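1. what shape does this take:
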Amino acid sequence: MEYYGNDYKQLRNSYARVDNTYFYLGAYGDAVKGARYYDGGMEYYGNDYKQIRNNYVRTGNTYFYMGVYGDAIKGFRHYGNNGLEYYGNDYKQYRNQSVTDQQQTVYHFNQYGDVDSINKRGAYKQVIQPNVNVWGQPGLCLGYVDSAFGVHSGLSYSARIAATKAIQ
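-> Next comes the predicted model:
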């Protein structure tokens, strides 16, 4: 496919717009199909030579997402109410793998490319199940519950005296 402007000159190394559809004409004036890389970016043109916009592109088992202006996106992509995807510096969608952001939050992406878990590194986690059915004396201050179990190490002198009085 070739395209000629209003001045009857063939377009080369340029975009052509017909209605709301964009095409790219290469060095010899032929319309481009497939991936087109340019100055640190990527675009994709279908078999009909039309630029893909606001849509996914699948090549084999690899997925890309073309944004509103037809450029492949990198980084996080939010969609819908709660959807989150990630695209690497090579524009490929992460699937069955994880990425860590600058705040050390780890995002895991499932087989469909959707986030299925988010874990903050360094966040405190409860590692034991609490036992709410513990024995204690009436008036026993929660600050001294360890004393009810005979754990007195680490308590200050005044805390040991208070714990002993609470148990008596």
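
2. and the helix or strand hosting residue 44, what's its mean pLDDT?
-> Element membership for residue 44 (DSSP states H and E) is strand 41-45. Summarised as a single mean, pLDDT over strand 41-45 is 96.

3. show me what that strand packs onto, helices and strands only.
-> In terms of contacts (3 or more CB pairs under 8 Å, 6 or more residues apart in numbering; DSSP states H and E), strand 41-45 is packed against strand 21-25, strand 34-38, strand 62-66. All C-beta atoms are positioned from the backbone trio N, CA, C, and that covers glycine.

4. which elements pack onto the very next helix or strand once past it?
-> Toward the C-terminus, strand 41-45 is succeeded by strand 55-59 as the next helix or strand (DSSP H and E). Other elements packing on strand 55-59 under the criterion 3+ CB pairs under 8 Å, 6+ apart are strand 62-66.

5. what residues sit buried inside the strand it packs on?
-> Neighbour-count burial for strand 62-66 flags 63, 64, 65, 66 (criterion: 16 or more other CB atoms under 10 Å).

6. what residue ranges in the chain score low on pLDDT?
-> Applying pLDDT under 70 to the chain picks out residues 3-4, 8, 122-168.

7. can you map out the helices along it?
-> All helices of the chain, identified by DSSP state H, fall at 145-148, 157-167.

8. which one of the helices and strands packed on strand 41-45 lies closest to residue 121?
-> With CB to CB as the measure, strand 62-66 is the member of the helices and strands packed on strand 41-45 nearest residue 121 (27.1 Å).

9. elements contacting that closest one?
-> Using 3+ CB pairs under 8 Å, 6+ apart as the contact criterion, the neighbours of strand 62-66 among helices and strands are strand 41-45, strand 55-59, strand 83-87.

10. reformat the ones you listed as a markdown table; add mean neighbour count and distance to residue 73.
-> Conversion of the helices and strands packed on strand 62-66 to a markdown table gives the following (neighbours: other CB atoms under 10 Å; distance: least, CB to CB, whole Å):
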| stretch | mean neighbour count | distance to residue 73 |
| --- | --- | --- |
| strand 41-45 | 20 | 9 |
| strand 55-59 | 13 | 11 |
| strand 83-87 | 18 | 5 |
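
11. take those and write them to a markdown table, including distance to residue 5.
-> Converted to a markdown table, these look like this (distance: least, CB to CB, whole Å):
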| stretch | distance to residue 5 |
| --- | --- |
| strand 41-45 | 19 |
| strand 55-59 | 28 |
| strand 83-87 | 35 |
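
12. closest to residue 7 out of those?
-> strand 41-45 (24.3 Å).

13. name the residues that touch the strand holding residue 44?
-> By CB atoms under 8 Å, 6 or more residues apart in numbering, the surrounding residues in contact with strand 41-45 are 23-24, 31-36, 51-52, 57, 64, 66, 70-72, 91.
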